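Trainee: The following comprises the amino acid sequence and a computationally predicted model.
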Amino acid sequence: MRRKQTILIVLAAAAVMAGGCGKAEETTAPVAETSTEETREEAAETMDLQILATSDLHGKFMPWDYALNEESLSGSMAQLASAVKERRDENTILVDAGDTIQDNSADIFLEDEIHPMVLGMNELDYDVWVTGNHEYNYGMDVLKKVMGQQEAQVLAGNVYDPDGAPLADGYTILEKNGVRVGIIGMVTPNITRWDAMNLEGWTVTDPVEETKKIISEIQDETDVLISVSHMGIKNEYGVENSGVTDLAEACPELDVIVASHEHQLIPGEEINGVLVVENKNSAATMAEIHLSLQKTEDGWDVTDKTSESVDLASYEPDPAFMELLAPYDEKAKEDANVVIGALENGSLAPENEIAEIPSAQIQDTALIDLINEVQLYYTGADVSAAALFNMNANLHEGDIRKCDTALVYKYANTLYKMEMNGSQLKKYMEWTAAYFNTYQPGDLTISFNEDMRAYNYDMFAGVNYEINIANEPGNRIENLTWPDGTPVKDEDVFTVAVNNYRASSQLLSPGEIFEEGEELPTLLEIDVRGEVGGVRELIGLYIAEVKGGVIEPHVDNNWKITGNAWDAAAHEKAVQLLKEGTLAIPSSEDGRTPNVRSITETDIQL
């Protein structure tokens, strides 16, 4: 029977302090003679089990960013290959927690005989692969195809088809030199929000309850229990059991949880006695976990747990891996460089006044106006909403290549058309305007709410409005009118263009915007011009066909931020000190949200 052991930390002194002067007393001890046979017996009684864990690789098989069309050595599977080869031994298990086939042009390989990300994982001999939420972006047939290419054991223990059959197994038991390792794989239940249409008829169950059931089945057959879950640390949208904190609290029998999804670096954190790790995205890090095991009459007990994060940027790409994936790299680069048009007479977004504060989030720009223009054109909607997904997104004068559309619009979102009324639109706009921190007297810069990701801040076309950041969230949208100046009334009914993520996550179900029982917007059409692709592909089509291959920057200035009544001279001084490096813009602790506190008049009084 498997027994849970308490983790012990033992501190040993090297010398005993003695005497009034605090001089260390030298000690000697007899050296014990140990036979080779005894040493072997001792070794047979203990084991160092190593788990190497990755997640959120997001198409980064080579050290290249295909959206930017430039080398990117911040991490890749090619560098991961070097790190794995350096560390792997006979007691190593290699697992991945999903979000593998989306981003970095990975979607262009979905029709290939084998996807390069899967080929890379097979080459590295992964033991387990768990589906992530982005694996469901392309429909279940595509996901099943990719699953079929995997040589690793595929786990997805809480996803069931319309007939009640599981998409994949919920667990596997691996054996390493006599140690039985149970690995349980789950995905966040919120995939039904983000890919509701792809999962129509499917059932996604509670991952914590599923894990508890599996533990009760296999606990006596295992020595070690590991959860590999595509779930973040915290619950999302208030959905119970959608974060691994709930999982650890409910399942203390687990030794390790490999979390993912939030791209939050956690080298090692204990939650309810369970060791939890999480990686950054795009193969930037790999978790290295060591479990010390002691042989018992009933099996093996875990006596200690340690973990660290491996920075993959410090590794050179593995030459053999690079050679294997070279044909895919060549295909992606050729695809990225296809010219689809040209930009004339300036850039789509102005240069940032402050490097860490994107101009395209604090003022109307031609960049966001282009996205909204495309969405309005293909849906025929009255209003459109779009976010800045890449803080460095911009287009400059010259040729526009296919890769540039990925820079403008990073994600593989599709376009939805909805119907809503004025009251619903205002609630939606107030929710997204909470992205800004409330302006306080003495503030000299606009700052962002660290609890709200940048991709949740939408900017709107088809209406005129102001965001008064001196007001508290929920009371910021002012002077909301139609283009002719007529106020938008609560009872007005109209159509709105949004991406599938925004529709499924926030607009079509109760949550952060609409309360339970409240009337929701109506979905009119999904995947508008889906035969072309998503919003990114529609931007390319719009430039090439509707605009005849040539676009110019166009800003309608239909919205602006108000309420930031700072002293202009003091603001300029703050900007100068930031440029000089005397002051710095603070980021959130996890590094995912920049600019979380305003520079103030006190800061510039150096």
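Mentor: Great, that's in hand.

Trainee: so where do the helices sit in the stretch 51-200 of the chain?
Mentor: Here the stretch 51-200 of the chain has its helices, by DSSP state H, counting those that start in this stretch, at 77-87, 116-123, 140-149, 191-194.

Trainee: Just the CA coordinates for the helix or strand encompassing K333, please, in PDB.
Mentor: K333 is part of helix 319-336, with elements assigned from DSSP states H and E. Taking Å, rounded to 0.1, in the frame of the first residue of the first chain, the C-alpha atoms of helix 319-336 are listed here in PDB:
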ATOM      1  CA  PRO A 319      22.000  20.200 -34.200                       C
ATOM      2  CA  ALA A 320      20.300  16.900 -34.800                       C
ATOM      3  CA  PHE A 321      16.900  18.300 -33.800                       C
ATOM      4  CA  MET A 322      17.400  21.300 -36.000                       C
ATOM      5  CA  GLU A 323      18.200  19.100 -39.000                       C
ATOM      6  CA  LEU A 324      15.100  16.900 -38.400                       C
ATOM      7  CA  LEU A 325      12.800  19.900 -38.300                       C
ATOM      8  CA  ALA A 326      14.500  21.900 -41.000                       C
ATOM      9  CA  PRO A 327      11.900  21.200 -43.700                       C
ATOM     10  CA  TYR A 328       9.200  22.600 -41.500                       C
ATOM     11  CA  ASP A 329      11.300  25.600 -40.600                       C
ATOM     12  CA  GLU A 330      11.800  26.300 -44.300                       C
ATOM     13  CA  LYS A 331       8.100  26.000 -45.000                       C
ATOM     14  CA  ALA A 332       7.200  28.400 -42.200                       C
ATOM     15  CA  LYS A 333       9.700  31.000 -43.300                       C
ATOM     16  CA  GLU A 334       8.500  30.800 -46.900                       C
ATOM     17  CA  ASP A 335       4.900  31.200 -45.800                       C
ATOM     18  CA  ALA A 336       5.800  34.100 -43.500                       C
END
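
Trainee: What residues of it count as buried?
Mentor: Using 16 or more other CB atoms under 10 Å as the test for burial, helix 319-336 gives F321, M322, L324, L325, Y328, D329, A332, A336. C-beta here means a position set from N, CA and C on the backbone, and glycine is covered the same way.

Trainee: Could you measure from the last one over to D329?
Mentor: Read it as A336. Distance, A336 to D329, by CB to CB, to the nearest Å: 11 Å.

Trainee: just the second one next, same as before
Mentor: From M322 over to D329 the distance is 8 Å, taken as CB to CB.

Trainee: Residues that sit against both of these two, list them.
Mentor: Residues touching both M322 and D329 by CB atoms under 8 Å, 6 or more residues apart in numbering: M62.

Trainee: need the contact list for A97.
Mentor: Neighbouring residues of A97 by CB under 8 Å, 6+ apart: 53-56, 130, 132, 228-230, 258-261.

Trainee: Need the per-residue pLDDT for it.
Mentor: We have a pLDDT of 98 for A97.

Trainee: A406 now?
Mentor: pLDDT at A406 comes out at 86.

Trainee: Reformat the contacts of A97 as JSON lines; add distance to I183, pLDDT and neighbour count.
Mentor: Formatted as JSON lines, the contacts of A97 follow (distance: CB to CB, whole Å; pLDDT from 0 to 100; neighbours: other CB atoms under 10 Å):
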{"residue": "A53", "distance to I183": "11", "pLDDT": "98", "neighbour count": "26"}
{"residue": "T54", "distance to I183": "14", "pLDDT": "98", "neighbour count": "29"}
{"residue": "S55", "distance to I183": "14", "pLDDT": "98", "neighbour count": "31"}
{"residue": "D56", "distance to I183": "18", "pLDDT": "96", "neighbour count": "28"}
{"residue": "V130", "distance to I183": "9", "pLDDT": "98", "neighbour count": "31"}
{"residue": "G132", "distance to I183": "16", "pLDDT": "97", "neighbour count": "28"}
{"residue": "V228", "distance to I183": "6", "pLDDT": "98", "neighbour count": "26"}
{"residue": "S229", "distance to I183": "11", "pLDDT": "98", "neighbour count": "30"}
{"residue": "H230", "distance to I183": "14", "pLDDT": "98", "neighbour count": "29"}
{"residue": "V258", "distance to I183": "9", "pLDDT": "98", "neighbour count": "30"}
{"residue": "A259", "distance to I183": "14", "pLDDT": "98", "neighbour count": "29"}
{"residue": "S260", "distance to I183": "14", "pLDDT": "97", "neighbour count": "31"}
{"residue": "H261", "distance to I183": "18", "pLDDT": "93", "neighbour count": "27"}
